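K.L.:
Pasted the sequence and its predicted model underneath.
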Number of protein chains: 2
Amino acid sequence: MHHIDLHLEKDITEANTRIADGNRELLKRHGVKAFDLLGAIGSGKTALIEKIVPLLRARGLAAGAIAGDVYGDDDFQRIRALGIPVVNVNTGKECHLDAHLVEHALHDLPLDDIDLLFIENVGNMVCPTDFALGAEKRIVVVSSTEGDDVVNKHPMIFRSSHLGVINKVDLAPLVGADLDRMERDMHRYHPGMPVFRTNLKTGEGVTPLLDALLR
Amino acid sequence: MHHIDLHLEKDITEANTRIADGNRELLKRHGVKAFDLLGAIGSGKTALIEKIVPLLRARGLAAGAIAGDVYGDDDFQRIRALGIPVVNVNTGKECHLDAHLVEHALHDLPLDDIDLLFIENVGNMVCPTDFALGAEKRIVVVSSTEGDDVVNKHPMIFRSSHLGVINKVDLAPLVGADLDRMERDMHRYHPGMPVFRTNLKTGEGVTPLLDALLR
């Protein structure tokens, strides 16, 4: 059982990578810079989009989004309220987006009108790791309320990401979370990765993150 | 690709169910009442064990645990500090425990000395749903900090659970979470499921939950 599983997994990952390469080409052709947003449920992925879109607009840049969830359109509705183009993708049972789902979503977006595209993955820190989508960079969001051992429990997602966000810094004292431990663990798994501390309810810490995205 | 995937998924689920049935028989033979603990990372699954074990002890009952995580032993160490038998299970890359992993762990536990066994699944609300482990009941834990749309996004896990816990009730006002919406969504997906509101840092709300477990 395990043997077959591994072989099939390899085939699926390779097929996914080919499609992701196609997505990357398509995005490049249309001048879209895309970010894969990863993190647990409630970590603040949608809130990050909510806070970044107005700042982008102020700089004359247009955003777009793909909202990935197992079920429902809660995130999609929040993003749509920002007045940017967004496509809702429900995976049904799958715990991650894949390049094929993103390919379909890209066809439904006005790519020529988008400068930055946020692809919000399904909320968990395990499954999305192995599935490239065609984005330029990966942003991983954790929050203090997930416990300060959350980074240590998930090495792979930090190794494969380019930017780290530690959100809900205001709640850290209330849940007894050590933000320094979280940042230290991120750097243990991914030395040198830029890490940003945010409160995405107020917008605290978002500007430095945005500057890094645009660099 | 999708077609092969579905067939293999069915085979794997069936093989898992057979092993889960074996686990259930084994647990029954040793008089162990087992609970599968599900929920996102940081929802409070380990904290629930921490608060319940002393209450069980006071009632003359002995607990045991299996700590499931992708990587690391953070939860395992917290549970071991309670002085109960516990086995650490790292899934490596998998986002859920399966019956085969639990079968191995059961062989390493002194089942005759355990009245209640808590099987703490890997922290996410998607993958564990389809994999029976042999437990008598499933407890699903969500916390207010995951956002009050967290239940709506994950119908399947609530349909397959027997008891619901809404944790971190003290933080609800701070994150603007509507606890009534969360409970309503649980009952929409699983009418009649008992739902308990807790603050597992202080232990608030644990006794009614324990009473329900022992019923």
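P.N.:
On my side now, so go ahead. Numbers count the residues shown, from 1 in each chain, chains lettered A, B, ... in the order given.

K.L.:
which residues does A:Leu116 contact?
P.N.:
By C-beta atoms under 8 Å, 6 or more residues apart in numbering or on different chains, the contact list for A:Leu116 reads A:32-35, A:56, A:61-64, A:213. For the C-beta atoms, the positions are set from N, CA and C on the backbone; glycine is no exception.

K.L.:
repeat that with 10 Å
P.N.:
Going by C-beta atoms under 10 Å, 6 or more residues apart in numbering or on different chains, A:Leu116 touches A:32-35, A:52-53, A:56, A:61-65, A:84, A:136, A:210, A:213-214.

K.L.:
what element comes up after the helix or strand containing A:Glu25 heading to the C-terminus?
P.N.:
Using DSSP states H and E, A:Glu25 falls within helix A:2-29. Past helix A:2-29, further along toward the C-terminus, the next helix or strand under DSSP H and E is strand A:33-39.

K.L.:
just for chain A, where's the confidence low?
P.N.:
Residues of chain A meeting the criterion pLDDT under 70: A:1-6.

K.L.:
which residues touch the residue nearest the centre of chain A?
P.N.:
The centre of chain A sits closest to A:Leu37, judged by C-alpha atoms, centre = their mean, with a distance of 0.4 Å. Listed by C-beta under 10 Å, 6+ apart, the contact set of A:Leu37 reads A:43-46, A:48-49, A:65-68, A:118-121, A:123, A:128, A:135, A:138-141, A:165.

K.L.:
quick one: which of those sit in strands?
P.N.:
Among those, the ones falling in strands (DSSP state E) are A:65-68, A:118-120, A:138-141, A:165.

K.L.:
can you redo those residues as CSV with neighbour count and distance to A:Val206?
P.N.:
Putting the ones in strands among the contacts of A:Leu37 into CSV (neighbours: other C-beta atoms under 10 Å in any protein chain shown; distance: C-beta to C-beta, whole Å) gives the following:
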residue, neighbour count, distance to A:Val206
A:Ala65, 29, 16
A:Ile66, 29, 20
A:Ala67, 28, 19
A:Gly68, 29, 22
A:Phe118, 26, 13
A:Ile119, 29, 19
A:Glu120, 26, 16
A:Arg138, 22, 18
A:Ile139, 23, 12
A:Val140, 30, 16
A:Val141, 29, 12
A:Val165, 26, 9
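
K.L.:
got the residues you listed as a markdown table, with distance to B:Asp178 columns?
P.N.:
Listed next are these as a markdown table, based on distance: C-beta to C-beta, whole Å:
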| residue | distance to B:Asp178 |
| --- | --- |
| A:Ala65 | 24 |
| A:Ile66 | 27 |
| A:Ala67 | 21 |
| A:Gly68 | 24 |
| A:Phe118 | 26 |
| A:Ile119 | 28 |
| A:Glu120 | 22 |
| A:Arg138 | 32 |
| A:Ile139 | 28 |
| A:Val140 | 28 |
| A:Val141 | 22 |
| A:Val165 | 25 |
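
K.L.:
now, which of those sits nearest B:Glu14?
P.N.:
Distance to B:Glu14, by C-beta to C-beta, is smallest for A:Gly68 among the ones in strands among the contacts of A:Leu37, at 28.9 Å.

K.L.:
Show the contacting residues for that closest one.
P.N.:
A:36-37, A:45, A:75-76, A:87-91, A:94, A:96-98, A:101-102, A:105, A:119-123, A:128, A:133.

K.L.:
Tell me which of those residues fall in helices.
P.N.:
A:45, A:75-76, A:101-102, A:105 (DSSP state H).
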